[in-house]
Structure formats: structure tokens, C-alpha cells
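*Asks:* When you get a sec, could you give me coordinates for this:
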Amino acid sequence: MTIANLPAIRACRPAWNKGRVVGQKRPLMPKHVWAIRVRLEIAENHRDLALFNLAIDSKLRGCDLVKLKVADIYSSGQVKERASIIQSKTQRSVRFEITEGTRKSILRWMEEPLMIGTEFLWPGRFHERLHISTRQYARLVHEWVKSIGLDPTSFGTHSMRRTKFAQVYRKTGNLRAVQLLLGHTKMDSTLRYLGVELEDALAISEAVEI
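*Replies:* Residues are numbered from 1 along each chain as shown. This is a model prediction of the structure:
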């Protein structure tokens, strides 16, 4: 009697995202931003403070933030008020502002011995790694949010990117401005990114009197 070849039975593996919060990561609230800044200032952690501040201001993806070079944001002995880079994902140019507080924290970080002769703004600690990795950046974000009592599973590197966009939208309701800052070609992409729903649209409409 011929026995048909049956597929091998494999033990079921747990899903990679079991027990994890999936979907878009939440942006930080202004009070969270200030709480993290204060902790980093007290700890005199100059690199992390500069990295945190620029992550909020630049609104860059982690892959672009970790690869920033000194020349991207520094010229003629001072930190630029506005800078621009080519995004890795879209190959489109994006401009961003660098606020006064962020410029000061970057200048303080650039005085550190680790910054002598480096091409990258966030140099790696190993010779084979020229700059910090996106994984290392993710670990830092995890530490920052955990240090102020937030659930780190609800936040990630994209939280840093979304934080200022969320505040621009909340304070102005100007989706076009957010679209330009994000570098999106379609408004639908911006709406999905912000998670704008009907309730948000109605709230904006209610605030307008004719």
C-alpha cells in the first residue's frame, strides 16, 4: 500500500507581534517633551538632548536622522536656522527648521571630545560604525519615554517624527502646511498619517463661524 507524502507538521510559532501594541505610534505631548528635556539636562547628557531636540524639530525619519552629517546643519561656525536633506525613502528634498534651544544643545554637543574630526553628527562608538544605528536610536527613544513614566510600547522613533506635526495640526488645523512639511504629494497620505477622522474635521468646521 502506497502512503502519500504528507507535509511535515511544524509547531506553531507565536506571532511576532503577540502582546505588542501595533499600528501607528502615538506622538508625544508638549508636557512629555519638556519632561524628557529636563531629565536629559539634569543628567548633562548632551548627546541625547541634542538628538532629542533635533528629532522633534527636524521631523525626520529615523533612517535619515541617524545619518545626518555635521555639514548638513552646521556652517560658518554656527548651527543653521534652516536645513535641508534628501530623504532616503522618497529621494525628495525636505526642509526643516532648527529652533534656538535646539541650536544651543547641538553646539554644546559639538564641544564634546567624541565630535572631534567626525563627519557625522551622531558618531558611532565603534570604528566600523560611522554613525549610530536606527536600532540604537530606537533604544534611546525607549529609554526617554520610559524615564518619564510612559509605556514604551506605545511610542517609537516615529513618535518623534509625528510630535511636531500633531501640534501644528492641533493649533492651526492647516493640513496643507503639514503636507508641505511632510513632503507628501497627496493630501490623502497626510490625512492617513495624522489619523484625521470625521470627528476632527467636524471640530475644525465648528470653530469656523460665517
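
*Asks:* His142 reaches Pro152, doesn't it?
*Replies:* Yes: in this structure His142 lies within contact range of Pro152 using C-beta atoms under 8 Å: 4.6 Å. From N, CA and C alone the C-beta is placed, and that goes for glycine too.

*Asks:* And the strands in this structure, which stretches?
*Replies:* 74-75, 78-79, 82-86, 93-97 (DSSP state E).

*Asks:* Make a markdown table out of those and add distance to Thr172.
*Replies:* A markdown table is the format used below for the strands of the chain (distance: least, C-beta to C-beta, whole Å):
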| stretch | distance to Thr172 |
| --- | --- |
| strand 74-75 | 30 |
| strand 78-79 | 26 |
| strand 82-86 | 19 |
| strand 93-97 | 15 |
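
*Asks:* want to throw those into a markdown table with mean pLDDT, distance to Met187 and mean neighbour count?
*Replies:* Putting the strands of the chain into a markdown table (pLDDT from 0 to 100; distance: least, C-beta to C-beta, whole Å; neighbours: other C-beta atoms under 10 Å) gives the following:
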| stretch | mean pLDDT | distance to Met187 | mean neighbour count |
| --- | --- | --- | --- |
| strand 74-75 | 93 | 34 | 15 |
| strand 78-79 | 94 | 33 | 15 |
| strand 82-86 | 93 | 22 | 14 |
| strand 93-97 | 88 | 17 | 14 |
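
*Asks:* Nearest to Lys25, out of those?
*Replies:* Among those, strand 93-97 comes nearest to Lys25, with 19.8 Å by C-beta to C-beta.

*Asks:* Only alpha carbons, please: show stretch 65-79 as CSV.
*Replies:* The C-alpha trace of stretch 65-79 is given here as CSV (Å, rounded to 0.1, in the frame of the first residue of the first chain):
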residue,chain,number,x,y,z
LEU,A,65,18.2,61.4,11.4
VAL,A,66,21.0,59.0,12.3
LYS,A,67,22.8,59.7,9.0
LEU,A,68,22.9,63.5,9.4
LYS,A,69,26.3,65.0,8.8
VAL,A,70,27.7,68.0,10.6
ALA,A,71,27.8,69.8,7.3
ASP,A,72,24.0,69.3,6.9
ILE,A,73,23.2,71.6,9.9
TYR,A,74,26.4,73.5,10.6
SER,A,75,28.1,76.2,8.6
SER,A,76,30.4,79.2,9.1
GLY,A,77,30.8,78.4,12.8
GLN,A,78,27.2,78.2,13.7
VAL,A,79,24.2,75.9,13.5
